[in-house]
Structure formats: C-alpha cells, structure tokens
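Asks: I'll drop the sequence and a predicted model, then ask my questions.
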Amino acid sequence: MDKLAMQGGVRLSGEVRISGAKNAALPMLCAGLLSADILRLENLPKLKDISTSLTLLGHIGMQVSLDDQGGVALQAAHLDRLEAPYELVKTMRASILVLGPILARYGEARVSLPGGCAIGSRPVDLHIKGLQAMGAEIHIEHGYIHAKASRLKGARIFMDTVTVTGTENLMMAATLADGMTVLENAAREPEVVDLANCLIAMGARIEGAGSDVIFIHGVDRLHGATHKIMPDRIETGTYLVAAAITQGQVRLLNTRADIIESVLDKLREAGAHIDVGNDWISLEMHTRPKAVNLKTAPYPAFPTDMQAQFMALNCIAEGVGTVTETIFENRFMHVQEMQRLGADIAVEGNTALVRGVDRLEGAVVMATDLRASASLVLAALVAEGESIIERIYHIDRGYECIEEKFAQLGARIRRIK
Ligand SMILES: CC(=O)N[C@H]1[C@@H](OP(=O)(O)OP(=O)(O)OC[C@H]2O[C@@H](n3ccc(=O)[nH]c3=O)[C@H](O)[C@@H]2O)O[C@H](CO)[C@@H](O)[C@@H]1O
Ligand SMILES: C=C(OP(=O)(O)O)C(=O)O
C-alpha cells in the first residue's frame, strides 16, 4: 500500500489547476446509461473512483473511450448485464447511481447494497422509496436490490433527509418516466445542478435544479450530448486551506468561487485575503490563522466534505474553534490521528473542541477515509519534521495527482510505493 512521506514547514506558493469534480463526474458517467447515443464528458478527473466507475459501467456493457484531452465518450447502445455486483460496488458507494438509470431505461436492475463505510452507515432507503413511489417493485435479497418496472411513472416524492446521490438517482430515473416527477426537499448541491444541465443537454426536461423542488417531465428517449464537468469544489477548498495553514500564497486555476462561498467566508474569518476571477481563486495568508467555529449542513451551508480540512486548520490556529458534524455520524476519524501529531482536540457527541497549539510534530498517521486523509496531509504540511501518511488509497479516490500538485506549490512530499 502506498504511503506519503512529508516534511512540514514550507509556506506554499504558486499556481495549481483544479480538476473536474469527482462528485459531478460520478453521476454523469451513470447518466450515459440513459441513452443509446454517445455522451461525451470533458474535464474528467483522473481518479480511482472514476476508474472504478468505468470498470463497473464496462461490466454492465457500456462502451467507454477515453481521449487524450481528458475527456471520455460513453455509449450504452445495448447493455450486457443489468447488474452491479458487490465486488465492484463495495469500494465505492456512488455505484448506487447506476440503479435509477438502468431501471428507467431497461425496466429491471440488480444492484448490490453498498454497505456501511468509515464515515457512517449511509443507508439508501430514500433512493429505494423514491423509485417505489414511481411504481418500481423492489425487494432486497442476499444483499442485492432487485428492482422492476415496465415503465416508471412520474410521482411527487418528498425526501425527509436531504440526500445528494438520492436526488441524483431519482432525477436520472425520472427523465425517462411517464409523466412529471416532483422531488421535494431535494439536494441543492452544485453537482446536482451540473448533472441536471448534462441531462438537459441530452434532451431531459428538468426545472428547478439548485432549489429544493425539482420538476422533471419524463421524455421517451434521451440523445447524445457533450458536457464539461464543473470544477471540484472540495479539491479547491482543500488547496485553499493548504495555503492558509502554511501562511502561503496560491492561485487556483480552472475553478469557481460561487460554488464554495461558505468555505471562502470561513477562510476570510480565519484571516485569509481572497481574490476571485471568473475561473480562478487566489488566497494569501499573512498571519497565523484564527480559529473558526463551523457546523456542517447541506448546501449552501458548510460542506461535510471540508470539515476535516478545517479541523486541521483549527489545530494550529490562534484560539479555540468548535467543529460540529451534522451529516455523518462517524466523521471524526481524523481526530485521533491529529492527536498523534500533537493536536489538542476534545470530542463530545458530534462536536469537536479544537484548541490551537503553537506547533504540531511529525508522526506516522493512518488515513481512514478520503477527506480525513486530506486533512492529515494539511496537518503534515505544518508539522515539524517528517510525517508518514499510511493507507493513502483513500486519497487517490478523490484527489488527482495529489503529490505532484502539492510539490508544484513547494511542499516536500513524496509517494512511497
Ligand atoms: C458521490 C457523492 O456525491 N458523495 C457525496 C454525497 O454522498 P451521499 O449522496 O452518499 O450522501 P447523502 O447526501 O445521501 O447523505 C446525507 C445524509 O442522508 C442520509 N441518507 C442518505 C440517503 C438515504 O437513502 N438515506 C439516508 O438516511 C445519510 O446517511 C447522511 O446522513 O453527499 C455527501 C453529503 O454532502 C458528501 O459527503 C459525499 O461526498
Ligand atoms: C464522502 C465522499 O465521497 P463518497 O460519497 O464517494 O464516499 C467525499 O467525496 O468526501
């Protein structure tokens, strides 16, 4: 298993290009199942989760052709198998996103239940209830969801918890349903909007994406399209925190400020100077960061996927910050590892009280999930001496060329194979 070896103490400076968004790309790859024509996606990030998805889609029978400009052409003219097996689903929960599209287009699907993961139990009951409301017959047997429907019917669906992939799965399924579907209490995340725009380019009739009520008028078929995947707002936020934590100066290219306002606000509160343009964001930090209080919640509030990174910032900040996690019940796995680096953190329930310390010390730490791993890289950037981060396969799920990008900003980081 690969590890990262890092020497802390360098102020980051320079420019980095932000990749396409993992969490927009994953549903869009599955959207390719909704049409027999070619869907071309540009700005596809090179990530483990993307190759896992492409393997799964290839297994189902989709033709996949990557080009050398960072794009992919997908064609699901005929599918060989209407199933997503456990072996392919277990490493990536987003595999559940094949359920809605396969069922809507082929009237039948068999998808392994994804199971729990490090950050929480993450059930998919709302995906299932929504499809049942659209007329699907669903039963669960031997760990698999078996779904059938001759043609899905439009329905009014209220989701009692805001779910991002749940909204995406149901929105995709509804594009080919008979009649209108209304998704209430829908997720407003920018990735939902990007997916809706991709589906609209394929001929879907969708209104309201980005608000909490989405209307989808079903059509008989979708056609081919070309769509450019939005920038990754979590990768963007992670590099901004890296600049802030090291009191550095970075400019991020190929990204947008309007998708991470809540994160930019917290960085300003911590003392950062931020400038933005149409497709770039720059950050300068001249002083030790000030601790911030934050609470995660669905978009447009502060994202759970940035919680661990801000915990790292608070570890070396001036003052005391509270970090409250409201989305996932077990998303503080990084706390113990940060304590190994010398952080002063006390957890009570879903709140962590972080007292900023003057210095962190390098140590061997273990990555437990994707964003926890990123937060350990951030902490290691400022820890004195060497840190070794083990099990970084988590990081490769969601950060393209992480060591190259950090090295480009001056960080002392290398991968040990
Ligand atoms: C691939 C992708 O886009 N992943 C993102 C997506 O995950 P994902 O879509 O899996 O997360 P959800 O938005 O569904 O989860 C939000 C909350 O709803 C609960 N829930 C969800 C579905 C369901 O059927 N029943 C239920 O109870 C979950 O356990 C969780 O407590 O949104 C999360 C919340 O912003 C992010 O952290 C993930 O990075
Ligand atoms: C939790 C995440 O991803 P996933 O939903 O794919 O596990 C994430 O991107 O931080």
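Replies: Nice, thanks for sending it over. Residues are numbered from 1 along each chain as shown. Ligands and ions are numbered 1, 2, ... in the order given.
Asks: contacts and neighbour counts: CA atoms only from here.
Replies: OK.
Asks: Phi, psi for whichever residue of the stretch 301-417 of the chain sits closest to ligand 2 please.
Replies: Nearest residue of the stretch 301-417 of the chain to ligand 2 (C-alpha to the nearest ligand atom) works out as Asp305 at 4.6 Å. Phi and psi for Asp305, reported as degrees, to the nearest 10, are phi -70, psi 0.
Asks: so it makes contact with Glu235?
Replies: No. Counting by C-alpha atoms under 8 Å, Asp305 sits too far from Glu235 to count as a contact (9.7 Å).
Asks: Compare these two and say which is more crowded by neighbours.
Replies: Ranked by neighbour count (other C-alpha atoms under 10 Å), Asp305 and Glu235 place Glu235 first, with 24 against 19.
Asks: tell me which residues in stretch 208-215 are buried?
Replies: Neighbour counts over stretch 208-215 (16 or more other C-alpha atoms under 10 Å) mark Gly208, Ala209, Gly210, Val213, Ile214, Phe215 as buried.
Asks: What is the nearest of those to Ile316?
Replies: Gly210 (35.5 Å; C-alpha to C-alpha).
Asks: Give the full set of residues in contact with the closest residue to the closest one other than its chain neighbours.
Replies: The shortest distance from Gly210 to any non-neighbouring residue, by C-alpha to C-alpha, 6 or more residues apart in numbering, is to Arg188 (4.4 Å). Contacts for Arg188 (C-alpha atoms under 8 Å, 6 or more residues apart in numbering) come out as Val164, Ala209, Gly210, Ser211, Asp212, Pro298, Tyr299, Pro300.
Asks: near ligand 1, which of those show up?
Replies: Val164 (C-alpha under 6 Å from any ligand atom).
Asks: hey, where'd the helices end up in the stretch 301-417 of the chain?
Replies: Ranges of helices in the stretch 301-417 of the chain, per DSSP state H, counting those that start in this stretch, are 307-315, 333-340, 370-382, 393-398, 402-408.
Asks: re earlier: for the residue nearest to Gly210, grab phi and psi.
Replies: Per degrees, to the nearest 10, the backbone of Arg188 is at phi -110, psi 10.
Asks: go on, Glu191?
Replies: phi -70, psi -30.
Asks: Does it touch Gly20 like I think?
Replies: No. With contact defined as C-alpha under 8 Å, Glu191 does not count as touching Gly20 (10.8 Å).
Asks: who's more crowded, these two?
Replies: Glu191 (29 against 24).
Asks: what about the residue lying closest to the more buried one once chain neighbours are set aside, helix or strand, and which?
Replies: Of all residues not flanking Glu191 in the chain, Ala24 sits nearest, at 4.7 Å (C-alpha to C-alpha, 6+ apart). Ala24 belongs to helix 22-31 when elements are defined using DSSP states H and E.
Asks: other SSEs contacting that helix?
Replies: Contacts defined by 3 or more C-alpha pairs under 8 Å, 6 or more residues apart in numbering; DSSP states H and E place helix 22-31 against helix 48-60, helix 164-175, helix 190-201.
Asks: re earlier: report the two members of the contacts of Arg188 separated by the largest distance.
Replies: Across the contacts of Arg188 (C-alpha to C-alpha), the longest gap, 14.6 Å, separates Ala209 and Pro298.
Asks: residues in contact with the closest residue to Gln7 other than its chain neighbours?
Replies: Closest residue to Gln7 apart from its sequence neighbours, by C-alpha to C-alpha, 6+ apart: Glu386 at 4.5 Å. Counting by C-alpha under 8 Å, 6+ apart, Glu386 touches Ala5, Met6, Gln7, Gly8, Gly362, Ala363, Ala380.
Asks: rerun that using 10 Å as the cut-off
Replies: Ala5, Met6, Gln7, Gly8, Gly9, Glu361, Gly362, Ala363, Val364, Ala380, Arg412, Ile413 (C-alpha atoms under 10 Å, 6 or more residues apart in numbering).
Asks: Name the member of those residues with the most neighbours.
Replies: That'd be Ala380 among the contacts of Glu386, by other C-alpha under 10 Å, with 31 neighbours.
Asks: how would you label Pro101: helix, strand or coil?
Replies: Under DSSP: H, G, I helix; E, B strand; the rest coil, Pro101 falls in the helix class.
Asks: Measure how buried it is and give me the count.
Replies: There are 27 residues near Pro101, going by other C-alpha under 10 Å.
Asks: Check Ser65 too.
Replies: Neighbour number of Ser65 under other C-alpha under 10 Å is 12.
Asks: Could you report the separation of it from ligand 1?
Replies: Separation of Ser65 from ligand 1 (C-alpha to the nearest ligand atom, to the nearest Å): 22 Å.
Asks: what do you get for Ala24?
Replies: For Ala24, the distance to ligand 1 - C-alpha to the nearest ligand atom - is 7 Å.
Asks: got the contact list for whatever residue is furthest in space from the centre of the chain?
Replies: Here the chain reaches farthest from its C-alpha mean at Ser150, the gap being 32.6 Å by C-alpha atoms, centre = their mean. Ser150 sits next to Leu103, Ala104, Arg105, Tyr106, Gly107, Glu108, Gly135, Ala136, Glu137 when contact means C-alpha under 10 Å, 6+ apart.
Asks: Also Val323?
Replies: 292-296, 307-308, 310-311, 314, 332, 347, 350-354.
Asks: Can you tell me which of the residues you listed end up in strands?
Replies: Of these, the ones assigned to strands by DSSP state E are Leu294, Lys295, Val347, Thr351, Ala352, Leu353, Val354.
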